[in-house]
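1. Next input, structure requested:
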Amino acid sequence: MEERNLYPLKFIPIFKSKIWGGTAIKDVLGLDFGKMPNCGEAWMLSGLEGEESVVANGFLEGNTLVDLVEVYMGDLVGDSVYRHFGLQFPLLFKWIDAAADLSVQVHPDNGLAMEREGCLGKDELWFVRQAEMGARLICGFRHGVNQMKYLKALKEDRLEEVLNEEPVDTGDMFYVPAGTVHALRSGILLAEIQQSSDLTYRIYDWHRNGMDGKPRQLHIEQALKALRFEDSPSAGDKRQMQGRLRYGRVLNTSNTIVEAPHFQVNYLPLTQGIEKDFTGLDSFVVYLCSGGGAVLKADGKAVEIKQGELVLVPAVCEIVDIYPDTCGCELLETYIGTD
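-> Take a look at the predicted model:
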């Protein structure tokens with residue numbers, strides 16, 4: 001009789017057509033989005049209502065992520081994670097292809113998002129998989145910009161003058177906590193690891209029309225309370241960590257990228273097999289492959305992962321062996337940290 005224990009899980013990507021999307025998700029990552037003329041996002045793991053990821057491997061194939069949380073609870077996500085979030089899977093993983101500029105926007109924090117919409121806010125991490133020469137992104141305001149200067153620039157249609165732009169190269173990491181004004185400019189393919197929320201306040205959209213030929217809706221008033229400025233009392237420690245992150249690239253070990261309030265992300269470059277012991281971790285672990293490929297083994301079950309793909313290791317799988325391909329493997333390792 002076949003064993004029915006939890007095992008490393010793969011999921012069917014959810015592809016999103018966007019006005020600013022391109023073809024890099026297919027051309028670079030090898031994820032086939034079918035007949036879409038372009039694809040802006042590939043949601044690799046989502047528990048959002050109406051956008052639940054579906055299992056692609058093993059005896060649980062065809063079940064949604066929310067189905068799994070409901071049945072396996074702490075065995076899947078970790079006891080402390082389940083106590084805190086219940087049936088809501090707390091993180092969302094995406095690939096984003098910014099073939100054109102994204103809108104300038106901001107996400108609310110947990111408090112404001114819960115007050116207004118009854119949902120989580122959105123802190124996010126960006127890992128740049130590929131960047132065209134001269135590519136840039138917006139992360140935060142320039143030094144000295146307060147609410148008054150921002151509103152004046154917005155009214156006079158010179159918002160770009162108060163925004164902080166950063167040059168972007170392959171391998172760059174950026175932490176974008178809730179309240180940070182931000183935007184991807186054209187020519188960037190990246191992975192986004194974020195809280196499980198799709199709540200966005202659009203501030204500026206480069207005077208372009210949406211797919212229906214009309215200007216896309218802006219959320220100027222809603223954004224004002226969400227935005228953090230240099231002199232905001234709520235800016236706190238998050239502003240100190242906001243923006244470009246420095247991280248180690250030591251082979252065959254987990255290099256910490258960020259230990260944020262809502263997730264921890266590590267960079268794991270492999271040239272040889274390793275064993276990961278998560279005995280003391282009360283959380284699921286997610287591996288997103290940004291290059292190469294590998295085989296993951298846990299509790300006697302093996303699954304392949306290749307560039308672009310994602311594997312969810314249930315919390316009950318405490319020992320994970322990872323064997324990279326002969327050409328090596330590059331993984332982003334994510335979990336909910338312990339207090």
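2. Counting neighbours, which bits of stretch 61-69 end up buried?
-> 63-66, 68-69 (16 or more other Cβ atoms under 10 Å). (Glycine included, C-beta is placed from N, CA and C.)
3. How about exporting that stretch as CSV, limited to the C-alpha atoms?
-> Extracted in CSV, the C-alpha atoms of stretch 61-69 (Å, rounded to 0.1, in the frame of the first residue of the first chain):
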residue,chain,number,x,y,z
GLU,A,61,-1.8,16.4,-7.4
GLY,A,62,-4.9,18.5,-8.2
ASN,A,63,-5.4,19.7,-4.6
THR,A,64,-5.0,23.4,-3.9
LEU,A,65,-2.6,24.9,-1.4
VAL,A,66,-5.5,25.9,0.8
ASP,A,67,-6.9,22.3,0.7
LEU,A,68,-3.5,21.1,2.0
VAL,A,69,-3.4,23.7,4.8
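4. Contacts for that stretch, please.
-> Identification of contacts with stretch 61-69 by Cβ atoms under 8 Å, 6 or more residues apart in numbering yields 9, 11, 45-47, 52-55, 60, 76-77, 82, 87-89.
5. Give me the pLDDT value at the residue nearest in space to the middle of the chain.
-> By Cα atoms, centre = their mean, the mean C-alpha position of the chain lies nearest to Ile193, the distance being 1.7 Å. pLDDT for Ile193: 98.
6. now swap in the one 10 residues further on and tell me
-> If you check Ile203, the pLDDT there is 97.
7. My read is that it contacts Glu221, right?
-> No. If you go by Cβ atoms under 8 Å, Ile203 and Glu221 don't touch, sitting 10.6 Å apart.
8. Mind checking which of the two has more residues around it?
-> Taking other Cβ atoms under 10 Å, Ile203 and Glu221 do not tie; Ile203 has more neighbours (24 against 8).
9. can I assume that one sits in a helix?
-> No. Under DSSP: H, G, I helix; E, B strand; the rest coil, Ile203 sits outside any helix and is assigned strand.
10. Show me what the residue nearest to the centre of the chain bridges to in the sheet.
-> Phe93, Leu125 (DSSP bridges).
11. mind checking how far it is from Ala100?
-> 23 Å (Cβ to Cβ, to the nearest Å).
12. Out of the buried residues of stretch 61-69, flag the one nearest to Val250.
-> Leu65 (32.1 Å; Cβ to Cβ).
13. how close does that closest one sit to Gly171?
-> 29 Å.
14. Right, I'll leave it there.
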